[in-house]
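J.: no sequence on this one, just coordinates:
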Ligand SMILES: [Fe+2]
């Protein structure tokens, strides 16, 4: 699988994933339409899929326009992000498998940055959205919400975020 980072907004990236066998492509977290569309044209690939890691506008901002220009495009996000991710067509849960072209991946649910945050795993690659950065983890906006909904008796922010990160580390 080929991965092409696409600079978006001022300091953001979407990632174009290309299946070399079928020439199909997927895009991870398209914050805007134009740069993604240009890269798709330049590479002469067929865009069939969007993988959203979470619902923040700087990860889903291009969804609507992409789905207008690529009718039938599949838009994946966590099941709990129903109504928060524009145009969502596929509602994922922890451990679900995803596919575009001949490329198969799976997802991890890692609530913390948002309650519906997920990571897409393809081979030895992980697309974590805002859960992990090179210097540490992203801001934890909704962990407390997730923990209190799932485990009302628990109040353990630092431990929970550690568990989320360790879950990712255990994959590699
Ligand atoms: Fe975010």
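T.: That came through, no problem. Treat the numbers as computed from the prediction; the structure is a model and nothing was measured. Numbering: from 1, shown residues only.
J.: Retrieve the pLDDT associated with residue 20.
T.: With respect to pLDDT, residue 20 scores 97.
J.: excluding its backbone neighbours, what's nearest it?
T.: residue 2 (6.2 Å; CB to CB, 6 or more residues apart in numbering). To be clear about C-beta, it is placed using only N, CA and C from the backbone, and glycine gets the same treatment.
J.: residues contacting the one you found?
T.: 17, 18, 20 (CB atoms under 8 Å, 6 or more residues apart in numbering).
J.: Which among the residues you listed count as buried?
T.: The neighbour count (16 or more other CB atoms under 10 Å) marks 17, 18 as buried among these.
J.: In helices, which of the contacts of residue 2 appear?
T.: Among the contacts of residue 2, no residue falls in helices (DSSP state H).
J.: out of the contacts of residue 2, which one sits closest to the ion?
T.: Taking CB to the ion as the measure, the ion lies nearest residue 17 of those, at 19.9 Å.
J.: Tell me which helix or strand the residue nearest to the closest one when sequence neighbours are not counted sits in.
T.: Leaving out its chain neighbours, the residue that sits closest to residue 17 by CB to CB, 6+ apart is residue 26, at 4.6 Å. For residue 26, the host element (DSSP states H and E) is strand 24-28.
J.: helices or strands next to that strand in the packing?
T.: Contact analysis of strand 24-28 by 3 or more CB pairs under 8 Å, 6 or more residues apart in numbering; DSSP states H and E lists strand 12-18, helix 34-43, strand 46-51, strand 97-100 as its packing neighbours.
J.: my guess is residue 87 meets residue 64, correct?
T.: Yes. The pair residue 87 / residue 64 is scored as a contact, 6.1 Å apart, by CB atoms under 8 Å.
J.: what secondary structure does residue 115 sit in?
T.: Three-state assignment for residue 115 (DSSP: H, G, I helix; E, B strand; the rest coil): coil.
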